[in-house]
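> Show me the folded form of this:
(one chain, ligands or ions: 1)
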Amino acid sequence: MKFTELGLVPEILRSIADQGYETPTPIQAQAIPVVLAGRDLMACAQTGTGKTAGFTLPILNRLAASRVTGPRKIRVLILTPTRELAAQVEDSVRTYGAHLPFKSLVIFGGVGINPQISALRNGVDILVATPGRLLDHAQQRNVDLSGVEVLVLDEADRMLDMGFIHDIRRIIKLVPKKRQNLLFSATFSDEIRTLAGSFLIDPEYVESERRNTAPELVKQFVYRVDRERKRDLLVELIRDKGWYQVLVFTRTKWGANGLADKLLKAGIEADAIHGNKSQNARTRALANFKNGKLHVLVATDIAARGIDINELPHVVNYELPNVAEDYVHRIGRTGRAGTEGAAVSLVCVDELKLLHDIERLLKKQIEVVPYPDYAPDPSIRAEPILMRSAGARGGQRSPGARTGGGARPGAVNATRSGSGKPPAGGGAHRSGSRHR
Ligand code: AMP
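You can find the predicted model right below:
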C-alpha cells in the first residue's frame, strides 16, 4: 500500500513526501480510509504507531475537500490528556498541513490565557486542546465550538486515567450533535468501551497490527551486558565478527544520534536516521547504507518502518523495544526470502522484563550467548527505562530516570510517548504557525 493509493489531495501527499514517509504504517492504512469515508472510528493504537498522522492526514483532507467561505470557525477539535501531547499533535497538524491554508492552534493550561484568547479571536480551523483549559475558555465565551465537524479524543484511556471524563462529557455538549467522532486509545478497557458506546455512532474498529511470530530463518541471540558497556560491546562485535550492513535499533532519536557518533569515533562508518533529520540527510544515509559505504545504520522503530531494505544480514537490538510486537517487526528485516540472518539483542538488567515479554510472545526462549569479558556485574540494579529525555546526554537514560519512581529490580517504567520530543518550550504558549 502506498500513500498515493489512499485518495489524499496533492497538497497532503506533498507534505508526506516532505517527511520522507514512503508507506503508511498499519494503523494509517486502516484508519485513513475510514476517516475519509466520514465514519466514526475507534482505534486501538499506541504512540509510535504513526497514529497521529492516521487521523491528522484524513482530517486535513476533509477540510481541503470541503472548504467553507465566511469567517473561520473551528471545524476540528482534538482533545489530548497532556500539554506535551497537545503540542506534539498540533505540530503534526502544521507539518502535514504545510501546503494548505488552514490555521491551527494549541491551547493548554499552566500558561497565560490572554495570548490564547487573541489567537482564538483571529480565527482557527483546527483546535488542539487539553480539556481543562478548553472549558475555561468556553466558560469565558472565548471559544465557539458550534462549527465543529470532527471531534477527536486522542489517548482517551489516559484522559480517563487522569480523571477528565466529566470535562469530556461537558465538552461533548458544546459541539454539534452531527459530527464525526474519532477515538484513539492504547487499551480497550471496559471504561473505554463505555465511553466509545456513548460517544461513537456505528464506529469502525481498527487495531494496530499485531504479529507474533518470528521469521523462521532468523537466528536470535541475546548478549547479556551492563547498560554502560553496551556501546563497547557493539563496537567489538562489529569489528571482531566483521559485520557489515548492520541495522541497529535504539528506542529514542537522541539515543540513535549518540550511538552513531560513538561508532564513528571508533572508526566504524555509521549514521542515524530518525524523524528529526532532514529528508536529504535521511535519503543520503539510506543510499549509503544500501550501497555499502555505510556499515551501520542506527534507527528508531518508526524511522525504520519507511526503509525498504530486506534481507539484511544483521539486525541489532541495541535496546529492546517497549512493545514486544516491535521486536518481531525489527527482526523481520533479516533472514527474508531464504537468506539466513542474525538478530542480536544487547540486554541489560533493566530490560529483563521486556525480554520476558518478548519470549512470552514468541512462545520460546531466546538463546543467551556469553561474550567473554562482558559478563554483567550482578551488583548492578535495574533502573526504570524512560523514553523521553529532558536532558538528553547521548546516554541511555534521562537524568529523571534516576529520581522518578524508585528503581526496583526488573522495573520497566517506560513513558507512553515514543517520540523522544521534549515538552513544549518551557510551558510557553505556542500558537499555530500561521498566526505569526
Ligand atoms: P505517532 O505514533 O503518531 O506518535 O508517530 C510516531 C512517529 O512516526 C512520528 O515521529 C512520525 O513522524 C512518524 N511517522 C508517522 N507516519 C509515518 C510513516 N508512514 N512512515 C514513517 N514514519 C512515520
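> From now on I want contacts and neighbour counts done on CA atoms only, so please keep to that.
Fine.
> Surely residue 30 touches residue 205?
No: with contact defined as Cα atoms under 8 Å, residue 30 does not count as touching residue 205 (9.3 Å).
> Just want to know which of the two has more residues nearby.
Neighbour totals were compared for residue 30 and residue 205, and residue 30 leads with 19 against 14 (other Cα atoms under 10 Å).
> Next, the more buried one: secondary structure please.
State at residue 30, reduced to three classes by DSSP: H, G, I helix; E, B strand; the rest coil: helix.
> Nearest spatial neighbour of it, chain-adjacent residues omitted?
In this structure, residue 30 finds its nearest non-sequential neighbour in residue 206, 6.5 Å apart by Cα to Cα, 6 or more residues apart in numbering.
> Around that neighbour, count how many other residues there are.
For residue 206, using other Cα under 10 Å, the count is 19.
> Am I right that it is in a strand?
Yes: according to three-state DSSP, residue 206 belongs to a strand.
> is it true that it touches residue 40?
No: using Cα under 8 Å, residue 206 makes no contact with residue 40, being 11.0 Å away.
> Show me how far stretch 110-125 is from its chain's centre.
Relative to its chain's centre, stretch 110-125 lies at 28 Å (Cα atoms, centre = their mean, to the nearest Å).
> how about that stretch: buried residues?
Residues 116, 117, 119, 120, 123, 124, 125 are the ones in stretch 110-125 that count as buried (16 or more other Cα atoms under 10 Å).
> do stretch 184-193 as well
So, applying 16+ other Cα under 10 Å, buried residues of stretch 184-193: 184, 185, 186, 187, 188, 192.
> roughly how far apart are residue 295 and residue 204?
Computed with Cα to Cα, to the nearest Å, the distance linking residue 295 and residue 204 is 44 Å.
> Show me which of these two is the more surrounded one.
Comparing residue 295 with residue 204 by other Cα under 10 Å, the one with more neighbours is residue 295, at 19 against 16.
> Give me the distance between the more buried one and residue 346.
For residue 295 relative to residue 346 (Cα to Cα), the value is 18 Å.
> Look up how far residue 371 lies from residue 342.
Distance of residue 342 to residue 371, given as Cα to Cα: 16 Å.
> Next: residue 85.
41 Å.
> higher neighbour count, these two?
residue 85 (22 against 14).
> Over to that one. Which of the three states is it?
Applying three-state DSSP: residue 85 is helix.
> just the one 3 residues further on next, same as before
Secondary structure, three-state DSSP: residue 88 is helix.
> and if you look at residue 220?
strand.
> still on that earlier bit, dump the buried residues of stretch 110-125 into TSV; add pLDDT and distance to residue 94 as well.
Converted to TSV, those look like this (pLDDT from 0 to 100; distance: Cα to Cα, whole Å):
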residue	pLDDT	distance to residue 94
116	97	17
117	97	20
119	97	15
120	97	16
123	96	15
124	97	12
125	98	12
